[in-house]
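In: Fold the following.
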Amino acid sequence: MFELITNFPQQLREAIKIGESASLTKAKVPISNIVISGLGGSGIGGSIASQLFEKESPVPITVNNKYFLPAFVNSNTLVIISSYSGNTEETISCMKEAMKKSAKIVCITSGGAIAEMAINNKLDFIKIPGGNPPRTCLGYSLTQLMYILSFYGIISPSFKEKLNAAIELIIDQKPQIIVESKAVAAKLLHKLPVIYSVSSGEAISIRFRQQLNENAKVLCWHHVFPELNHNELVGWTEKNENMAVVIFRNNTDFIRNQNRIEISKQIIARYTSTIIEIFSKGESNIEHAIYLIHLGDWISYFLADLKGIDAVEVKVIDLLKSELLKS
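Out: Alright, predicted model coming up:
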C-alpha cells in the first residue's frame, strides 16, 4: 500500500497517456443526461467527477451505485460503466440494462466480463491496468472520466492543465503531506473519526471515509455543511473524547459555509477536544480535490501502520463475495 500511494502521481500521469490515446465514438443523438455506474473504489471517481464539474456540465450527471439504472435512462443518456475488475455484478446488471435501453455506453475497466461484453457488442471502452486493489487505482478511473466528459463536450479540455498542475502540486508538497498525515493519523488512533466538509466536497469526504474503512479498518461517518447544521449538530450533546472531528476545508468555500464551520467548531469543542482542520492547497478545484484525496489516503495508511494491521487485506469483502456466489 505504501508503494501504491507513493506512486499516485505517476499513476495520474499514466492515466493521462491512456486518456490521450483513447478511441471513443460520437453519440448518434444529443446527450441529455449522464449516468456514471460503479461501486466502491470504482464508483467514487464518478462521485468526485460529478461534483468537480457540477457548475460546468450543461446536463445532469447522476452517480449510480445500485443493481438498476434510474428510469430516465434512454437513448439520449450517456452511461459510463466503471468497474476496475470488470466483474462487479451490480455494474454488469446496469450495463445490460443500458444496452436494452439503447443508451450510449462507455466502459472503464481493466478487463473481466465488462470488457468482454464491450468487445462483443462493439461498445466504447477504455482499458486501464489491472492487478491492484480498486481503491488504489482512483487515478486511472477519475482521469478517464474527465477525458470521456471532455470528448462528449460536457467539460472543457482545460481540465488537462489543471490535472497536470495537481500532479505537480502533490509531488512538490509530498514532504509536508507526509508530516501532516502522520500527525493526523496519530490523533485519530483509538478514536471514532467524524468527517465534515462543505457539500460540494462531499465526495472527497466519502473517499476518505472509505479509505479509513478499508485501509485502517475503522468505522466512521461523514456529513456536510450546511445540511448538518439542520440536524446532526443537535446530536452533539454529550462529552465524548473518543470522537475525533476532521474538517476538510478550502479557502474558496462559500463564505456563509465558512461562517457556519467556525460557529459549529465552537459548539462541537464543548464535547470533544479533537477537532482537526485540513485545508486544501492549489489554485483550481481539481488541485484541491487531488491534494485532499492524496492526503487522506496517506492518513488512512499511517493509521493502519499505527494499529499494526495490513492496509491491503479486505478479507471480509472476499468472504461476502464468496457467500454471494453460493446463492
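In: quick one: low-confidence ranges for the protein?
Out: Counting by pLDDT under 70, the chain contains no low-confidence residues.
In: All the helices of it, in order from the start?
Out: For the chain, applying DSSP state H gives helices covering 2-6, 8-21, 40-52, 89-100, 112-120, 138-151, 159-172, 174-188, 202-216, 255-268, 285-307, 315-326.
In: Relative to residue 64, which of those helices is closest?
Out: With C-beta to C-beta as the criterion, residue 64 lies closest to helix 89-100 of those, at 6.3 Å. All C-beta spots, glycine's among them, are computed from the backbone N, C-alpha and C.
In: So for the closest one, what gets flagged as buried?
Out: Neighbour-count burial for helix 89-100, counted by 16 or more other C-beta atoms under 10 Å, picks out 90, 91, 92, 94, 95, 97, 98.
In: Could you identify the most distant pair in the residues you listed?
Out: 90 and 98 (12.8 Å).
In: any chance of the helices of the chain in JSON lines, plus distance to residue 222?
Out: Output for those, formatted as JSON lines (distance: least, C-beta to C-beta, whole Å):
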{"stretch": "helix 2-6", "distance to residue 222": "21"}
{"stretch": "helix 8-21", "distance to residue 222": "21"}
{"stretch": "helix 40-52", "distance to residue 222": "12"}
{"stretch": "helix 89-100", "distance to residue 222": "22"}
{"stretch": "helix 112-120", "distance to residue 222": "29"}
{"stretch": "helix 138-151", "distance to residue 222": "17"}
{"stretch": "helix 159-172", "distance to residue 222": "22"}
{"stretch": "helix 174-188", "distance to residue 222": "14"}
{"stretch": "helix 202-216", "distance to residue 222": "4"}
{"stretch": "helix 255-268", "distance to residue 222": "14"}
{"stretch": "helix 285-307", "distance to residue 222": "11"}
{"stretch": "helix 315-326", "distance to residue 222": "20"}
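In: Select, out of the ones you listed, the one closest to residue 69.
Out: The minimum distance between residue 69 and the helices of the chain falls on helix 89-100, with 4.9 Å, by C-beta to C-beta.
In: by contact count, what packs against that closest one?
Out: On a contact count with 3 or more C-beta pairs under 8 Å, 6 or more residues apart in numbering; DSSP states H and E, helix 89-100 meets strand 33-37, strand 77-83, strand 104-109, helix 112-120.
In: Tabulate the ones you listed (TSV), appending mean neighbour count and distance to residue 204.
Out: Formatted as TSV, the helices and strands packed on helix 89-100 follow (neighbours: other C-beta atoms under 10 Å; distance: least, C-beta to C-beta, whole Å):
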stretch	mean neighbour count	distance to residue 204
strand 33-37	25	16
strand 77-83	27	18
strand 104-109	26	20
helix 112-120	17	26
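In: For those, could you give me JSON lines that also reports distance to residue 285?
Out: Shown next, in JSON lines, are the helices and strands packed on helix 89-100 (distance: least, C-beta to C-beta, whole Å):
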{"stretch": "strand 33-37", "distance to residue 285": "18"}
{"stretch": "strand 77-83", "distance to residue 285": "20"}
{"stretch": "strand 104-109", "distance to residue 285": "22"}
{"stretch": "helix 112-120", "distance to residue 285": "30"}
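In: nearest to residue 316, of those?
Out: When these are compared by C-beta to C-beta, strand 77-83 sits nearest residue 316, at 20.2 Å.
In: just to revisit the earlier point, of the helices and strands packed on helix 89-100, which is nearest residue 256?
Out: Across those, residue 256 has its closest neighbour in strand 33-37 (29.4 Å, C-beta to C-beta).
In: Next, the angle strand 104-109 makes with the closest one.
Out: Interaxial angle of strand 33-37 relative to strand 104-109 (axes from the mean of the first three to the mean of the last three C-alpha atoms, to 10 degrees): 30 degrees.
In: and strand 33-37, which strands flank it?
Out: strand 61-64 (parallel), strand 77-83 (parallel) (DSSP bridges).
In: Residue 29: which of the helices of the chain is closest?
Out: Smallest distance to residue 29 across the helices of the chain (C-beta to C-beta): 14.4 Å, for helix 89-100.
In: I'd like the distance from that closest one to the chain centre, please.
Out: Mean-position distance between helix 89-100 and its chain equals 21 Å (C-alpha atoms, centre = their mean, to the nearest Å).
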